[in-house]
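[1] could you work out the structure for the sequence below:
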Amino acid sequence: MKNFTLLILITLNVFSSYSQQSKLNAGAKKYDNYAYVDVIKTYERVAAKGYKSEVLYRKLGDSYYFNSNFEGAVKWYDELFGINTSPEAEYYYRYAQSLKATGQTAKANRILEEFNAKFKNDSRAKLYRENVNYLDKIKANSGRYKIENAGINSKYSDYGSFVYNNKIYFASARDTGNFSQRKHKWTGEYFTNIYDADISAQNDTTSKVNKIRSTVNSRFHESSVVFTKDGNTVYFTRNNFVDGKKGKDANKVTLLKIYKASLENGKWTNVTALPFTSDNYCTAHPALSPDEKTLYFASDMPGTMGQSDIYKVNINASGGFSSPENLGKEINTEGKETFPYVTNENEIYFASDGHPGLGGLDVFVGQIETDGSIDDIQNLGADINSPKDDFAYIIDPVSRRGYFSSNKDGGFGSDDIYKFLETKRLKCVQELGGVITDAATGIILPGTKVTLYDGMQRIKNSAVADASGLYSFGVECGKTYYIRAEKPEYATKEVSVTISKESGKTDLPIALEKSICKVVIGDDLGKCFGIKRIYFDLDKSNIRTEAALDLEKILDVLKQNPTMKLDIRSHTDSRASHQYNEALSNRRAKSTIEWLINNGVATNRLTGRGYGETELVNLCSDGVQCTEEEHQMNRRSEFIITGL
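    Sure, this is the predicted structure:
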């Protein structure tokens, strides 16, 4: 044998029982009896005996983490960090998340600080530092639009458009003649009414502007209309005025409210303020979700983070509304967020002077996640945005045409409406997918639950692998994601992937290992635990620490299954002489059996022998040139089940 450590395979056969081998070849498995091996419980029992192993602690910590048992996760991640002060980046984050979930915030922050210091290129570390040069990002997002005057503007304030049935609806102060400048305040001191104009389907031009003659318009301020798809309901902003009466706050100021009206016999009736509005704060600029189950709006109601925040309410089947919900600090700032607009691509456009921009109000876009949170907020760039106020952005996700309002230089009046064509999407589009298989057999695993997480471990999407074992998600280019695959009787697996910065597809196959390992007579028990070799010192047969850890797993299964019998088989590669390899493998198989017997396994449950180089799994016999990896395939240990 050459001067390197022999890696051996163990078979459950006492030397005197070699006759059983002919009954237990690979094609002779008996499927009328079987046993289940709970791999995680075996790991726990082995760890309880005092065995320390990074792999052991990782698997145990992950098993609890993926099942949201964060106290258990902390226990085993503590052990992991105790023997390895610098594990993989992922374990810093899982450890910190588990610590936070168990109330250990200070310790979690220390772990995150270490994470940030050691893995500066990790996407979560980058977000943690928050040191993005926003002007560079705005520049990168520019140059994507063709913009024109909408053709409906006057020398007065015109803003806040909405398109329905080939008409554009908007607010204008043109019939008051007293607007020199629109001030973005909540006082309602300037009165505007709702107008419309036909849009030509052929060339996107507009017809003569008309003032809406209905109860929607009053002698006070109206703006920001939005219609339901059936055209029977309209939501709009108005000064606190209905049925000839003005509502005022404690300072005698008439504020803004969102109103609703119904179309009956061709006329708008039942003009009522929505139930969550108030005389004491403003609500304005309603926007419906594409499924019309959620209404978004701006308000400075109590609990607002800044001058105005964006909120939402659910619309129930009977037409009632839930309590307002603030969209949170991801979108709302200490400044002003207003004029929301939501598309069927789960994007929310809004105006803000609190997010980094070019000055005044800028238009931004964020992604609405499945849990309702807002992520990936980006400035639309210097085509739409300017040093002045830019707001009230709407877009058709199919044609990529839309409108926005601005008081930028070069317009007709105080605020003007502009139309645009988006010539390049802000987001590069990628598809992430792959096939889920069994790691040992390669068979596909349909029905596997697959969850997509972003770089901050927030859920982005989830799916179930189809009949072909395939999953697929739409993802953003250049970002890092985490894919978690879960299936009963398999260990949950999470893998990371960084998406290309160009549109296309990213293939990410995932192979799952059994956690509940079903075994039958003729199976190799070692495969349940990924045991391929039992380690011995060079030319020796004494059990090393690494070998004892794996043998503890085999011992635990034998104790849990008192009728199970094993044949232990040890193999070598072809290097060194045939006689030497056979003798050494015999000694090692014998040592393995003796270790199990000394730890309580009955002698009649174990058989085994060494096969030396007589059962090579490839062509690497004497005289054949092979790589080290090819020789290693022949140095293996087997624990063949002979009885259950």
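[2] any stretches of this protein with poor pLDDT?
    Residue ranges of the chain with pLDDT under 70: 1-34, 68, 121-135, 176-190, 202-205, 241-247, 249-252, 254, 535-542, 631-632.
[3] ok, longest helix in it?
    As assigned by DSSP state H, the longest helix anywhere in the chain is helix 578-598.
[4] buried sites along it?
    Within helix 578-598, the residues scored as buried using 16 or more other Cβ atoms under 10 Å are 581-582, 584-593, 595-596. (C-beta placed from N, C-alpha, C; glycine too.)
[5] just stretch 391-410 next, same as before
    For stretch 391-410, by 16+ other Cβ under 10 Å, it's 391-395, 401-408.
[6] got it, and stretch 137-147?
    Neighbour-count burial for stretch 137-147, counted by 16+ other Cβ under 10 Å, picks out 138, 141, 144-145.
[7] same question for stretch 207-223.
    Those would be 209, 212, 216-218, 220-223, for stretch 207-223 by 16+ other Cβ under 10 Å.
[8] show me the strands in the stretch 151-300 of the chain, by range?
    Ranges of strands in the stretch 151-300 of the chain, per DSSP state E, counting those that start in this stretch, are 158-164, 167-172, 193-198, 210-211, 222-227, 233-239, 241-242, 245-246, 256-264, 267-273, 283-288, 294-299.
[9] need the ones you listed in JSON lines (columns: distance to residue 150).
    Formatted as JSON lines, those follow (distance: least, Cβ to Cβ, whole Å):
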{"stretch": "strand 158-164", "distance to residue 150": "7"}
{"stretch": "strand 167-172", "distance to residue 150": "7"}
{"stretch": "strand 193-198", "distance to residue 150": "9"}
{"stretch": "strand 210-211", "distance to residue 150": "15"}
{"stretch": "strand 222-227", "distance to residue 150": "16"}
{"stretch": "strand 233-239", "distance to residue 150": "20"}
{"stretch": "strand 241-242", "distance to residue 150": "28"}
{"stretch": "strand 245-246", "distance to residue 150": "32"}
{"stretch": "strand 256-264", "distance to residue 150": "24"}
{"stretch": "strand 267-273", "distance to residue 150": "25"}
{"stretch": "strand 283-288", "distance to residue 150": "19"}
{"stretch": "strand 294-299", "distance to residue 150": "23"}
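[10] got phi/psi on the residue most central in space within the chain?
    Residue closest to the average C-alpha location in the chain (Cα atoms, centre = their mean): residue 453, at 1.8 Å. When read as degrees, to the nearest 10, the backbone of residue 453 gives phi -120, psi 150.
[11] residues in contact with it?
    459-460, 481-484 (Cβ atoms under 8 Å, 6 or more residues apart in numbering).
[12] from residue 71, how far off is it?
    Note on residue 453: its distance to residue 71, by Cβ to Cβ, to the nearest Å, is 22 Å.
[13] again, but for residue 279
    Residue 279 is 49 Å from residue 71, by Cβ to Cβ.
[14] same deal with residue 268?
    58 Å.
[15] who has more neighbours, these two?
    Each of residue 268 and residue 71 has its neighbours counted (other Cβ atoms under 10 Å); residue 268 has more, 17 against 10.
[16] do I have it right that the more buried one meets residue 216?
    Yes - with contact defined as Cβ atoms under 8 Å, residue 268 reaches residue 216; the gap is 5.3 Å.
[17] now do the shared contacts for those two.
    Shared contacts of residue 268 and residue 216, defined by Cβ under 8 Å, 6+ apart, are found at 234, 261.
[18] residue 96 falls within a helix, correct?
    Yes - if the criterion is DSSP: H, G, I helix; E, B strand; the rest coil, then residue 96 is within a helix.
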